[in-house]
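1. sequence plus the predicted model coming up.
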Amino acid sequence: MGLLALLAVSLSEGPLGLPDLRHDIVPAYGAPALAPVRAEDRAAQPAVLYLNFSDGTETIARAISDDASRNESIIGAVDPFPEFRWQAFSSAGNTRPDVVRAIAERAHRAFLSFNVVLTTVRPADTPYTMVMIGGAPAVFGLPKDVAGLAPLDCGNRQPSDIVYAFSSALEGATHGLFVTIAQEAAHAYGLEHTTNRADLMFPQVVPEQSSFPEEEYPLIGQPLCGRLTQSSHGLLVETLGAWTDGEKPPPRGPPRDTTAPVITIDEPLDGAVLPADFVVRASAEDDVGIRRVTIEAAGDHATLEAPPYTWFISRLPPGPVDITVTAIDDAGQMASATVSALVAAAAPEAPGCATAPPGSGRNQAPFFAPFAAATAILACVRRRRHL
């Protein structure tokens, strides 16, 4: 295998208030020069570029060469690779599928002219190039301003590279994430950086960047692949081939989620008779992921973004009460469940008994409140024994 280098994309604020991409190129390893693998030498089917918006469950293992199908990377090991926090990129959509779809569609348009198809679902067939999207550069011990990392695969000799786009470092900049994804993927196909501000290979995020232009432009920094100038469009055609099969299909993604979450109110049960202080416990399940759960009762509510979905309610007046639990999943699907209960009138107090522990009230922390209530009741019982 020929020259392979690691390329880090650094992020800082430029004069226009837009992210700068400063590249730190570190040679990884080299070997006797081999002829680049041209598009005509590869199989007739298009190359595959997998945009892996990490769900936080996958492990990257270190190896002597990349193999995207096995999550093996020359760059290093990460266990697990951090989750893609889609909420930071709300300008691209209101749900995780919407954000993923919008960013994948921009990358699709950038690679539209070339014989490569994009997917956000792991391919069954190999080889393919993978962009791991998520987390921060600290997973590889890099400074916090590093936004991307890739092997510079001169001549595209390695058919199954893994490159990285650290979405947390981009702080919600959708255009910056798109540019980083496209640029890191192009490094895996052997492209370097040019002086053309309209080129996705230009080392600064600027509004003009949207494509790989045909014009030849000088390279920035020390040339690593034997060229002094680069037509980014021409090199991708040379490496991947041109798309000639009619209208290119859009990025392949998971089926649209049309299934609402499943909500269960575990406590209290429907028809229960309750004291003035009680706990609501609920569970929520979904095939995509729960975004948030809201518990409502007696005009008050609590919103929870992670389990356990538990809320301590205190000092409700006697009478009927409806308790409603609503869950919204990452695709925006919503479901609710309601139970009706009765808050019983409090029994007459013995002299000197407190009706509630000091500091009790609505929205009290569910862990400590029952213990405070139990302490007050025990004290009351002890006093009654001495009446």
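-> Received, thanks.

2. hey, let's count contacts and neighbours off CA atoms from now on
-> Noted.

3. residue 336 touches residue 329, doesn't it?
-> No: contact criterion C-alpha atoms under 8 Å: residue 336 and residue 329 do not qualify, at 11.8 Å.

4. neighbour count winner among the two?
-> Higher neighbour count among residue 336 and residue 329: residue 329, with 25 against 19, using other C-alpha atoms under 10 Å.

5. phi, psi of the more buried one?
-> phi -90, psi 180 (degrees, to the nearest 10).

6. what sits opposite it in the beta ladder?
-> Judged by DSSP bridges, the bridge partners of residue 329 are residue 290.

7. any idea how far residue 82 is from it?
-> Distance, residue 329 to residue 82, by C-alpha to C-alpha, to the nearest Å: 20 Å.

8. ok, now residue 132?
-> 10 Å.

9. what does residue 305 give?
-> Residue 305 is 18 Å from residue 82, by C-alpha to C-alpha.

10. of the two, which one has the most company?
-> For residue 305 versus residue 82, neighbours defined as other C-alpha under 10 Å are more numerous around residue 82 (23 against 13).

11. the host helix or strand of residue 325 packs against which elements?
-> According to DSSP states H and E, residue 325 maps onto strand 319-329. With contacts taken as 3 or more C-alpha pairs under 8 Å, 6 or more residues apart in numbering; DSSP states H and E, strand 319-329 sits against strand 262-267, strand 290-297, strand 334-343.

12. most packed of these?
-> Most buried of those, by mean neighbour count (mean count of other C-alpha atoms under 10 Å): strand 290-297, with a mean of 20.

13. quick check: next helix or strand after that strand?
-> Using DSSP H and E, the helix or strand that directly follows strand 290-297 along the chain is strand 300-304.

14. please parse this protein into its domains.
-> 4-240, 262-385 (automatic domain parsing).

15. wait, doesn't residue 326 sit right on residue 297?
-> No: using C-alpha under 8 Å, residue 326 makes no contact with residue 297, being 11.7 Å away.

16. show me the common contact partners of the two, please.
-> Counting by C-alpha atoms under 8 Å, 6 or more residues apart in numbering, residue 326 and residue 297 have no common neighbour.

17. using PDB, write out every CA atom in stretch 259-266.
-> Output of stretch 259-266 as PDB, limited to C-alpha atoms (Å, rounded to 0.1, in the frame of the first residue of the first chain):
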ATOM      1  CA  THR A 259     -45.200   3.500  15.100                       C
ATOM      2  CA  ALA A 260     -46.100   5.400  18.200                       C
ATOM      3  CA  PRO A 261     -44.500   4.600  21.500                       C
ATOM      4  CA  VAL A 262     -46.100   2.200  24.000                       C
ATOM      5  CA  ILE A 263     -46.900   3.800  27.300                       C
ATOM      6  CA  THR A 264     -47.700   1.900  30.600                       C
ATOM      7  CA  ILE A 265     -48.700   3.600  33.800                       C
ATOM      8  CA  ASP A 266     -47.400   1.200  36.400                       C
END
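
18. what's next to it, contact-wise?
-> By C-alpha under 8 Å, 6+ apart, stretch 259-266 touches 280-287, 290, 325-329, 333-339.

19. ok, now with 6 Å
-> Residues from elsewhere that reach stretch 259-266 (C-alpha atoms under 6 Å, 6 or more residues apart in numbering): 281, 282, 283, 284, 285, 286, 333, 334, 335.

20. could you dump the residues you listed to CSV with distance to residue 232?
-> CSV is the format used below for the contacts of stretch 259-266 (distance: C-alpha to C-alpha, whole Å):
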residue, distance to residue 232
281, 57
282, 54
283, 52
284, 49
285, 46
286, 43
333, 42
334, 45
335, 49
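
21. returning to what we had before: and the helices and strands packed on strand 319-329 as JSON lines, adding distance to residue 225 and mean pLDDT?
-> Output for the helices and strands packed on strand 319-329, formatted as JSON lines (distance: least, C-alpha to C-alpha, whole Å; pLDDT from 0 to 100):
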{"stretch": "strand 262-267", "distance to residue 225": "54", "mean pLDDT": "95"}
{"stretch": "strand 290-297", "distance to residue 225": "46", "mean pLDDT": "91"}
{"stretch": "strand 334-343", "distance to residue 225": "52", "mean pLDDT": "94"}
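
22. closest to residue 110 out of those?
-> For the helices and strands packed on strand 319-329, the distance to residue 110 is smallest for strand 290-297, at 31.0 Å, taking C-alpha to C-alpha.

23. in the contacts of stretch 259-266, which residue is surrounded by the most others?
-> residue 284 (24 neighbours).

24. how close does that residue sit to residue 56?
-> Look at residue 284 and residue 56: by C-alpha to C-alpha, they are 20 Å apart.

25. ditto for residue 228
-> In terms of C-alpha to C-alpha, residue 228 sits 40 Å off from residue 56.

26. do residue 188 as well
-> 23 Å.

27. likewise residue 258?
-> On the measure of C-alpha to C-alpha, residue 258 and residue 56 end up 23 Å apart.

28. for residue 213, what are its contacts?
-> If you count contacts by C-alpha under 6 Å, 6+ apart, residue 213 has them with 199, 232, 233.

29. what's the answer for residue 330, then?
-> 95, 96, 289, 290, 291.

30. one more pass at 8 Å, please.
-> Counted by C-alpha under 8 Å, 6+ apart, residue 330 has contacts 95, 96, 97, 288, 289, 290, 291.

31. what's the answer for residue 324, then?
-> If you count contacts by C-alpha under 8 Å, 6+ apart, residue 324 has them with 295, 296, 297, 336, 337, 338, 339.

32. low pLDDT regions in the stretch 1-150 of the chain?
-> 1-44 (pLDDT under 70).

33. helices along that one, start to end?
-> 96-110 (DSSP state H, counting those that start in this stretch).

34. okay, now the closest residue to residue 92 other than its chain neighbours: neighbour count?
-> Ranked by C-alpha to C-alpha, 6 or more residues apart in numbering and with sequence neighbours excluded, the top spatial neighbour of residue 92 is residue 99, at 5.0 Å. Neighbour count for residue 99, taken as other C-alpha under 10 Å: 20.
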